[in-house]
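In: The sequence isn't on hand, but the structure is:
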């Protein structure tokens, strides 16, 4: 039997959290459930597994790369392009700290920004499963189940307060 | 327990003026309306455009064309002689504008990042309006630097590009630090503006047709609001909030070092860094008050989002910043006064009695005396037009402060035979041009970008509930972040 993707829409967090638990009891595993919302809802409130993110690791990587670039800019390049100025040291440390700081922060911020793109697969203009009601404040639970279980699950979620339960297909956003 | 705030009776028509003194609905966070309605209000505020809007837009466009592009083009073609800068004031209004606009840009980061870090809830509806000021202010600051350069086509000499002539930037120079710091700040604040904008662009995409749909679809990047997307976004925004604060401090500190590193009367000061940062926040806060006032009274439905409580909170911040600014300015001037340096004494006497003394006294009056005198009064803080007037006066005062620091302090130097008052020429047109361009950008953005971060407002409203403790109903905030 082929799988089908269903969408259950909820108005409130409590019934949505109950519905997720019910789905789990009915054999729909967490990796087959996706929760969409118009405002961020902490995963603990929905009883969902902690979503993994690489953004902070990428930020750290960016900071390290930026620090190395700052060191190179301040302590490496003046030796490659030797410009003596009024008896000053060629590679003094205090001004170097400023260059080091700015480059560290710049690269860390860029890497963080890039991290959101990489982790979220942005930009993504392919057809996707979605309904505009999500941005109207509804909580959408998208889940995959066997086609013959559709009615049973829909009934169970309806009892828990789902406003709509319908099959969804990927569409152009 | 349901976490979502329950809509209170009459909330749809609710406006703060209609509420009793103790009614929690006078506060945005306790006056929730359905998200769909909130979205519609924000979309309508972008679409509802009167002929007055287009008239102002047209006037600003003409000003930008004449005072910005034509005047700048003329100066590039003719050379810097058309400007008033000459010995001893080689740094004139272009750099005054640069410092002023960087100062304005600080408000966005302060309001958005610092208040986010400290979880100050009143920030929610106007973080974006402030962040836009940062980005547009920095564009004007950058343009002003290029105007000051004169031969703009050689600006690439500032970048570390390997070349046969072995020209290499001197990283010991505060001007190079400026380049690095401002570049970091421009990129950082633009990314910080864009990240929280993505969910609202997705909201706009879901409610648009035609070219707007395509525009929002491209910018929303395919955002749907999955758990993963929110998690990545939140992690990034938290990092940005913490990281952009030291960058913001570094930018204006480095700008101050452009002056403080030189052994000149009035400039050589160890408190210039924090003094400049405070000055930047002072003018930025004032500018936010002006922008919020204009938004509230010219854009549809904004009186729901921007309320007296926000002006009140902003007024308190302005008062606090004004106190701190007074402390630094006193610190700076009294130490110079006690220093006994002849040239510095001349400068201080000149500020007291010279031809530019009116500027000095207005600076003190607008930046310290008036905010000190009026922002204590809750009625003033809660009256949007009054707070906007105070904000305007602060910005005039801060502009004079930068004018005194740059061309005036350059004029009264160690060589009295060079003293000659700076008289701006084409700089005046270009200054009008930068102000017009800033306003033009803002007006255009108000039609294209949701100025209210709807999802942040909804998140705040979800987190706020009223709880009965003893005999009283008190506001309670759940930690949603």
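Out: Happy to help now that I have it. Note that the coordinates shown come from a computational prediction; the quantities given were computed from them, not determined experimentally.
In: Quick check: buried residues in the lengthiest helix in chain B?
Out: The single longest helix within chain B, with elements called by DSSP state H, is helix B:227-260. Under the neighbour-count criterion of 16 or more other CB atoms under 10 Å in any protein chain shown, helix B:227-260 has B:227-241, B:243-245, B:247-260 buried. Yep, even glycine has a C-beta here, placed from its N, CA and C like the rest.
In: next one: stretch B:198-214
Out: Quick answer for stretch B:198-214 (16+ other CB under 10 Å): B:198-208, B:212.
In: What residues does the residue in chain A that chain B sits nearest to make contact with?
Out: Nearest residue of chain A to chain B, counting by CB to the nearest CB: residue A:137, 2.8 Å away. By CB atoms under 8 Å, 6 or more residues apart in numbering or on different chains, the contact set of residue A:137 is A:11, A:38-39, B:34-36, B:458.
In: so residue A:77 touches residue B:166, yeah?
Out: No: if you go by CB atoms under 8 Å, residue A:77 and residue B:166 don't touch, sitting 11.1 Å apart.
In: more neighbours, the two?
Out: residue A:77 (17 against 10; other CB atoms under 10 Å in any protein chain shown).
In: For the closest residue to residue B:174 other than its chain neighbours, give me the pLDDT.
Out: Nearest non-adjacent residue to residue B:174, counting by CB to CB, 6 or more residues apart in numbering or on different chains: residue B:257, 4.3 Å away. Looking at residue B:257, its pLDDT stands at 94.
In: Residue B:257 is in contact with residue B:270, isn't it?
Out: No: between residue B:257 and residue B:270 there is no contact under CB under 8 Å: 10.7 Å.
In: Tell me where chain A has helices.
Out: Going by DSSP H, chain A shows helices at A:13-25, A:43-46, A:55-71, A:77-80, A:93-120, A:150-159.
In: do the stretch 301-450 of chain B as well
Out: B:302-305, B:308-339, B:342-353, B:357-364, B:370-374, B:378-382, B:384-403, B:409-411, B:426-448 (DSSP state H, counting those that start in this stretch).
In: got it, and the stretch 51-200 of chain B?
Out: B:51-63, B:71-78, B:93-109, B:115-117, B:127-149, B:174-194, B:197-206.
In: Enumerate the positions of the second one that are buried.
Out: To tie it back to what came earlier, the one meant is helix B:71-78. Per 16+ other CB under 10 Å, helix B:71-78 contains these buried residues: B:71-72, B:75-76.
In: With stretch B:456-467 instead?
Out: Result for stretch B:456-467 [16+ other CB under 10 Å]: buried residues B:456-465.
In: And stretch B:171-185, by the same measure?
Out: B:171-174, B:176-185.
In: low-confidence ranges in chain B?
Out: Along chain B, the model assigns pLDDT under 70 to residues B:1-21, B:481.
In: ok, now which ones touch the residue in it positioned nearest to chain A?
Out: Using CB to the nearest CB, the closest approach of chain B to chain A is made by residue B:35 at 2.8 Å. Residues in contact with residue B:35, defined by CB under 8 Å, 6+ apart, are A:38-39, A:135-137, B:454, B:458.
In: list the contacts for the closest residue to residue A:98 other than its chain neighbours?
Out: In space, and not counting its chain neighbours, residue A:98 is closest to residue B:177: 5.1 Å by CB to CB, 6+ apart. The neighbours of residue B:177, taking CB under 8 Å, 6+ apart as the test, are A:95, A:98-99, A:102, B:171, B:254, B:257.
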